[in-house]
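Engineer: Using only what follows, build the 3D model:
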Amino acid sequence: MLTLMISLALSTATAEAPTNPPATETAAKPEKTKPKLVCRRIADTGSRLPERECRTQEDWDRQADSINKRLNNDK
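Structural biologist: Numbers count the residues shown, from 1 in each chain. Next up is the predicted model:
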């Protein structure tokens, strides 16, 4: 009777081994990509050499919007 209990305990302990690997190991983590920089040449008044300024497209758009808002508010 004791051997039967021990054999049942051992058989259930080995049967509970995980059949599927954890989801964190198999799932691919998305890589965080940096936004692409857009470089433009900015001509300063009084200088023969233009300066190069690099920003993201979102930053360029935000700057253009703020300039347009300031110009439209003056009217």
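
Engineer: tell me which element the residue positioned nearest the centre of the chain is part of?
Structural biologist: With distances taken as C-alpha atoms, centre = their mean, the chain has K32 as the residue nearest its mean C-alpha position (2.7 Å). Using DSSP states H and E, K32 is not contained in any helix or strand.

Engineer: S11 too?
Structural biologist: S11 belongs to helix 2-15 when elements are defined using DSSP H and E.

Engineer: Pull that helix out as CSV, backbone CA atoms only.
Structural biologist: What follows is helix 2-15 as a C-alpha-only set of coordinates in CSV (Å, rounded to 0.1, in the frame of the first residue of the first chain):
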residue,chain,number,x,y,z
LEU,A,2,2.8,2.4,0.9
THR,A,3,4.6,1.6,-2.5
LEU,A,4,1.4,2.3,-4.3
MET,A,5,1.0,5.8,-2.7
ILE,A,6,4.7,6.6,-3.4
SER,A,7,4.4,5.5,-7.0
LEU,A,8,1.2,7.6,-7.5
ALA,A,9,2.9,10.6,-5.9
LEU,A,10,5.9,10.3,-8.2
SER,A,11,3.8,9.8,-11.3
THR,A,12,1.7,12.9,-10.7
ALA,A,13,4.8,15.0,-9.9
THR,A,14,6.4,14.2,-13.3
ALA,A,15,3.2,14.5,-15.3
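
Engineer: centre of the chain versus that helix, how much separation?
Structural biologist: Using C-alpha atoms, centre = their mean, to the nearest Å, the distance from the centre of helix 2-15 to the centre of the chain it belongs to is 49 Å.

Engineer: where does the residue nearest to the centre of the chain fall, phi/psi-wise?
Structural biologist: The phi and psi torsions at K32 (degrees, to the nearest 10) take the values phi -80, psi 120.

Engineer: Next one: it from V38, what distance?
Structural biologist: Using C-beta to C-beta, to the nearest Å, one obtains 19 Å as the distance from K32 to V38. Where you see a C-beta, it was placed from the backbone N, CA and C, and this is true even at glycine.
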